[in-house]
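Asks: coords please:
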Amino acid sequence: MMGPQHALSGAATWLAGSWVAAQFFDYPQSATTIAVGAAVCAGGALLPDLDMSGKVTKGQGGSTVSRSFGVASLFVAEVIEKISVGVYTATKLSKDPDRHNGHRTLTHTLPFAALMGFGSIWLCTRYGRWAVIGILFFMFGFALRGLFDKWADRAGWVIVTITSGAAAYFAFNFLPSENRGYPMIGLAVGVGCIVHLMGDIVTRAGVPILWPIPTGRRMWRMIGLPDTFAIEAGSKVETTVLRTVFTVVSLVAGAGLLAPALLKRFDIEI
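Replies: Below you'll find the predicted structure:
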């Protein structure tokens, strides 16, 4: 699945989940908290693709998320890709094919998603203000690059970086004062990563969702839908049908979350 759809699926999942939590588990959230959570989840839904590097010195190529902060993020993606292929090579079994790149390996696993989620909570709890702002900065930058991909391409990485920094500082000051919503931030990052895996598992290439559990002398077995049902990345089904579905879910869930507050504000009873 391509970056914009990954990001949109992350936002849709968080908004739908927030609506379910409010309706069935009596867990209301402020509009700011919901917006921050949706943005962080959208950014987290792009995070696994940091294993896809491009031409670092030229600032070209790579995945959507790899281009978020120009040469800097492309360099990070290059490092992560090399680490990923190194881990793959060191742990592969006899039936695993040889690989020369690390895309859809280490960062496309459940342990990676758990590490990102719990790691974010730990960083925020351990280091406080600047860790929170830092994580929000990166997640907002990824979200901007994914959700507003055409604008981000026109604006360039400098504007994306400045906008992300300002949004992160603003968001920090409006999050709940008690622990600044640390668990929510980590949960949104982790859920975003898992949503990414679910998005890639419906494509032909699949993901190593079972790693590190070996199956049939393979450590990195790619799990995905059969070719008959699988979606081709970048196809019309993805860019039109799925994008429309994710957009509708986001709008309906968002309306459901905002409606009670608006009705109360204008003293309307239903």
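Asks: Might one say that Met2 is in contact with Val237?
Replies: No - taking contacts as Cβ atoms under 8 Å, Met2 lies outside contact range of Val237: 11.7 Å. Where C-beta positions appear, they are placed from N, C-alpha and C, glycine not excepted.
Asks: what about these two, which has more around it?
Replies: Of the pair Met2 and Val237, Met2 is the one with more neighbours under other Cβ atoms under 10 Å, namely 20 against 13.
Asks: which SS class is the nearest residue to that one once chain neighbours are set aside?
Replies: Of all residues not flanking Met2 in the chain, Gly234 sits nearest, at 5.5 Å (Cβ to Cβ, 6 or more residues apart in numbering). Under DSSP: H, G, I helix; E, B strand; the rest coil, the three-state class of Gly234 is coil.
Asks: I'd like to know how far Gly234 sits from Asp49.
Replies: Going from Gly234 to Asp49 by Cβ to Cβ, to the nearest Å gives 14 Å.
Asks: who's more crowded, these two?
Replies: Neighbours were counted for Gly234 and for Asp49 using other Cβ under 10 Å; Asp49 has more, 26 against 12.
Asks: what's near enough to touch the more buried one?
Replies: 3, 6, 63-66, 103, 107, 196 (Cβ atoms under 8 Å, 6 or more residues apart in numbering).
Asks: Lowest-confidence entry in the residues you listed?
Replies: The lowest pLDDT within the contacts of Asp49 belongs to Ser63, with 81.
Asks: That one: neighbouring residues, count only.
Replies: Ser63: 25 neighbours (other Cβ under 10 Å).
Asks: try Gln23
Replies: Neighbours of Gln23 using other Cβ under 10 Å come to 13.
Asks: The one 5 residues further on too?
Replies: Pro28 sits with 14 neighbouring residues when counted by other Cβ under 10 Å.
Asks: How about Arg154?
Replies: By the measure other Cβ under 10 Å, the count of residues near Arg154 is 9.
Asks: residues in contact with the host helix or strand of it?
Replies: Arg154 is part of helix 149-155 when elements are defined by DSSP states H and E. With Cβ under 8 Å, 6+ apart as the test, helix 149-155 has contacts from 3-4, 64, 68, 144-145, 160.
Asks: Between all of these, which two are separated the most?
Replies: Within the contacts of helix 149-155, Pro4 and Val160 form the most distant pair, 14.3 Å apart (Cβ to Cβ).
Asks: These two: which has the busier surroundings?
Replies: The residue with more neighbours, out of Pro4 and Val160, is Val160; 24 against 21, by other Cβ under 10 Å.
Asks: what residues are up against that one?
Replies: Counted by Cβ under 8 Å, 6+ apart, Val160 has contacts 68-69, 141, 144-145, 152.
Asks: Could I get the CA-only coordinates of the helix or strand hosting it as PDB?
Replies: Assigned by DSSP H and E, Val160 falls within helix 157-174. This file holds the C-alpha atoms of helix 157-174, laid out as PDB (Å, rounded to 0.1, in the frame of the first residue of the first chain):
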ATOM      1  CA  TRP A 157      10.600  19.500   3.400                       C
ATOM      2  CA  VAL A 158      11.600  22.800   5.000                       C
ATOM      3  CA  ILE A 159       8.000  24.000   5.300                       C
ATOM      4  CA  VAL A 160       6.900  20.500   6.400                       C
ATOM      5  CA  THR A 161       9.600  20.700   9.200                       C
ATOM      6  CA  ILE A 162       8.600  24.200  10.400                       C
ATOM      7  CA  THR A 163       4.900  23.300  10.400                       C
ATOM      8  CA  SER A 164       5.600  20.100  12.300                       C
ATOM      9  CA  GLY A 165       7.600  21.900  14.900                       C
ATOM     10  CA  ALA A 166       5.000  24.500  15.500                       C
ATOM     11  CA  ALA A 167       2.200  22.000  15.600                       C
ATOM     12  CA  ALA A 168       4.100  19.800  18.000                       C
ATOM     13  CA  TYR A 169       4.700  22.700  20.400                       C
ATOM     14  CA  PHE A 170       1.100  23.800  20.200                       C
ATOM     15  CA  ALA A 171      -0.300  20.300  20.700                       C
ATOM     16  CA  PHE A 172       1.900  19.700  23.800                       C
ATOM     17  CA  ASN A 173       0.500  22.800  25.500                       C
ATOM     18  CA  PHE A 174      -3.100  21.600  24.900                       C
END
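Asks: Done for today, thanks.
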